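Trainee: generate coordinates for the sequence data below:
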Amino acid sequence: MQVLAQGNYQQQYASAKAFYKEGKYNLAMESFKPLIQYDAGNPFSEYASFFYALSSYHQGYRSVAKDMLVQVKTLYPNWDQLDEVNLWLAKIHFDGSDYFQALQALAQIKAGKLTKEAAALKRSYLASVTDAEALKRMHENYPNDEVIGEKLARVIAKSTLPSDQALLDKLIVKFKLRKSDFVEETPPTVFKDVYSVSVLFPFLIPSLEPAPTRKRNQFVLDLYEGMKLAVDTLATQGIKISLRAYDTERNPDKIREILKQDELRNTDLIVGPLFQEENKPVQDFSRTNRINLFNPVSNNFDLVRDNPYGYLFQPSLESLGANSAEFLDSYKRNKKCIVFFGETRRDSVLAMSFLKRAASTNLNIMQIERVSRAESGKIMSILATPTEFDEFKYPKQFSLPKDSLGCIFVASDDPLIYTKVISSVETRKDSVTILGSEAWLDQTAVDFDKYQQLGIVLFASNYTAVTNPAYKAFQRKFIRTHGRVSTANPYSDYAKLGYDFMLFIGNALHKYGVYFQDAFGRQKFAGYLTEGYDFQHARDNQLVPFVQFRSGELVLIDKK
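Mentor: Model prediction:
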């Protein structure tokens, strides 16, 4: 270390500072270096150390700068410029994406004069952060920080999770944020004597033939017939609905033509469309004209994600996955779980939503397997590879030991996948619980008695108890009107779905008016034919029943 005479300290410091101001940071570093060492006659050691660090930073030597600033805090804990030191330390941590260390440094700033700079620094670096979980941890550590609170609010404003929407409400109140900056507020509700509901379905009228055979779009026709029956039922209760049907023909150009009609701009609710290729122009129309819209059959939240007036009558895939994780956590003592899913986007979203929620439960995810149709045989090798046999050559132990696994979540409706899981568990003869989808019942790949034998659990948002008086009344009415039951398969009944949906939405319009959002956010609703509806802080149905066969009948499982 170069030793300076006492009279030269000031001259050396002035020279070093001049190099720094001129941006000659390499010369500044060399000039500040001899002044860093503490000496009783050297009044510049703190300042020299500080500007040596800044010169290093500007040269691109961030680790050198950070080490020197930490040294300054250690050697000179009472220096009156420590706020500046913490500000620069925060900047260096932010540059390295070490947000929590940066926030810790900023929290140590005491002087009010730097709080604006600290807030600006936070706002600048947090602008690129989109990880809601990281922001939530920051908010937990610094619950009164307005910059973090506002950034978290902006990120979770896009979330559909009820917990996120509830947190958003708290953040808006706590930090006095303008709600309209985060949530598109709906207009005041309007009550009417007659509500118009416009149905945009692919009826494919030109292709329909007057024959009793099932049509290729029979589910669309059944859905609409159920809605019409519900309108008749509502009329007997004094609720008047004008149901208007438009044939989209599964043609985006036809939809654009329909949307040009003046009567659509004055409708109170849109139902549909049902398919992805028809979706965007209708969602844009709904949002632009502030008309609430429901898709009654889809689980794909992407269809309505960017439209604050768009709703799914069904639970989204995200809600199905999250609810399934919570159910298994409460249902099984053995928390060890394996997840199987297929190659479709639907399977991936469902599985990832399950895994995300499982991470906050006591479930222990032992294995996650993405399975193609061609390699579905590996399911058997994972679950039912025998290692020991009894005297009759039946397997009695497996590479995955019996009773070591508690549950399996199957995020796929592909029979090649879920039948392999079912066969494997049947071979194991242990206490593994399979959780899958009610859609499996629409197929004939598995006998119903096997569902009961293995205690298979299904998430079933469209479950209707056969003893439900309203369902019996619906069937009687359908038979009187159409001369037949609504479906040959009691587990897949689009006419029932249309009837249930229209009863729900008709009553909602009658009780809460055209803009029912506020009422939806405050309460759950009992079902008419199904178990119920919950749109609290969400735009998809959060209520997910779970069912299994008992004594040959599909029954609801009481949540613990």
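
Trainee: now do the helices in the stretch 251-400 of the chain.
Mentor: 252-259, 262-265, 276-289, 317-331, 345-358, 378-383 (DSSP state H, counting those that start in this stretch).

Trainee: who wins for proximity to Phe459 among those?
Mentor: helix 317-331 (5.6 Å; CB to CB). Using the backbone N, CA and C atoms, a C-beta is placed for each residue, glycine as well.

Trainee: just the CA atoms of the closest one, as CSV, please.
Mentor: Taking Å, rounded to 0.1, in the frame of the first residue of the first chain, the C-alpha atoms of helix 317-331 are listed here in CSV:
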residue,chain,number,x,y,z
LEU,A,317,-58.9,-27.1,-15.8
GLU,A,318,-56.9,-25.0,-13.3
SER,A,319,-59.8,-25.3,-10.8
LEU,A,320,-60.3,-29.0,-11.4
GLY,A,321,-56.6,-29.6,-10.8
ALA,A,322,-56.3,-27.5,-7.7
ASN,A,323,-59.5,-28.9,-6.1
SER,A,324,-58.4,-32.4,-6.8
ALA,A,325,-55.1,-31.9,-4.9
GLU,A,326,-57.0,-30.5,-1.9
PHE,A,327,-59.4,-33.4,-2.0
LEU,A,328,-56.8,-36.1,-2.0
ASP,A,329,-54.9,-34.3,0.8
SER,A,330,-58.0,-34.4,3.0
TYR,A,331,-59.2,-37.9,1.8
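
Trainee: between that helix and helix 345-358, how many degrees?
Mentor: Counting by axes from the mean of the first three to the mean of the last three CA atoms, to 10 degrees, helix 317-331 lies at 40 degrees to helix 345-358.

Trainee: domain-wise, how is the protein divided?
Mentor: Per automatic domain parsing, the structural domains of the chain span 6-181, 185-315+471-529, 317-459.

Trainee: same list (those) but as CSV, adding distance to Ala465 and mean pLDDT.
Mentor: Compiled in CSV, those are given as follows (distance: least, CB to CB, whole Å; pLDDT from 0 to 100):
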stretch, distance to Ala465, mean pLDDT
domain 6-181, 26, 90
domain 185-315+471-529, 7, 92
domain 317-459, 14, 94
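
Trainee: in CSV, list those along with mean neighbour count and distance to His537.
Mentor: Shown next, in CSV, are the domains of the chain (neighbours: other CB atoms under 10 Å; distance: least, CB to CB, whole Å):
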stretch, mean neighbour count, distance to His537
domain 6-181, 17, 3
domain 185-315+471-529, 18, 6
domain 317-459, 18, 12
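
Trainee: check which helices and strands the helix or strand encompassing Arg137 is in contact with.
Mentor: According to DSSP states H and E, Arg137 maps onto helix 132-141. On a contact count with 3 or more CB pairs under 8 Å, 6 or more residues apart in numbering; DSSP states H and E, helix 132-141 meets helix 99-107, helix 146-156.

Trainee: would a markdown table of those helices with distance to Lys122 be doable?
Mentor: Shown next, in a markdown table, are the helices and strands packed on helix 132-141 (distance: least, CB to CB, whole Å):
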| stretch | distance to Lys122 |
| --- | --- |
| helix 99-107 | 7 |
| helix 146-156 | 4 |
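
Trainee: can you check which of the ones you listed gets nearest to Thr467?
Mentor: helix 146-156 (41.3 Å).

Trainee: which residues of the stretch 51-200 of the chain fall in helices?
Mentor: 62-75, 82-95, 99-107, 115-126, 132-141, 146-156, 162-174.

Trainee: quick check: which of these is nearest to Arg484?
Mentor: Among those, helix 162-174 sits nearest to Arg484 (CB to CB), with 40.1 Å.

Trainee: chain center to the closest one, what's the gap?
Mentor: Centroid separation for helix 162-174 versus its chain: 15 Å, with CA atoms, centre = their mean, to the nearest Å.

Trainee: taking helix 317-331 as reference, get the angle to that helix.
Mentor: 110 degrees.

Trainee: now the angle from helix 162-174 to helix 146-156?
Mentor: 140 degrees.

Trainee: what's helix 162-174 in contact with?
Mentor: Here helix 162-174 makes contact (CB atoms under 8 Å, 6 or more residues apart in numbering) with 132, 136, 149-150, 152-153, 156-157, 159, 177, 179, 182-183, 536-538, 542.

Trainee: just stretch 104-114 next, same as before
Mentor: By CB under 8 Å, 6+ apart, the list of residues contacting stretch 104-114 reads 82-84, 86-87, 89-90, 93, 115, 118, 121-122, 142.

Trainee: can you check the distance spanned by stretch 331-348, start to finish?
Mentor: Chord length of stretch 331-348, first to last residue, is 24 Å (CA to CA, to the nearest Å).

Trainee: now stretch 525-537
Mentor: Stretch 525-537: ends 14 Å apart by CA to CA.

Trainee: got the phi/psi numbers for Pro34?
Mentor: phi -70, psi -20 (degrees, to the nearest 10).
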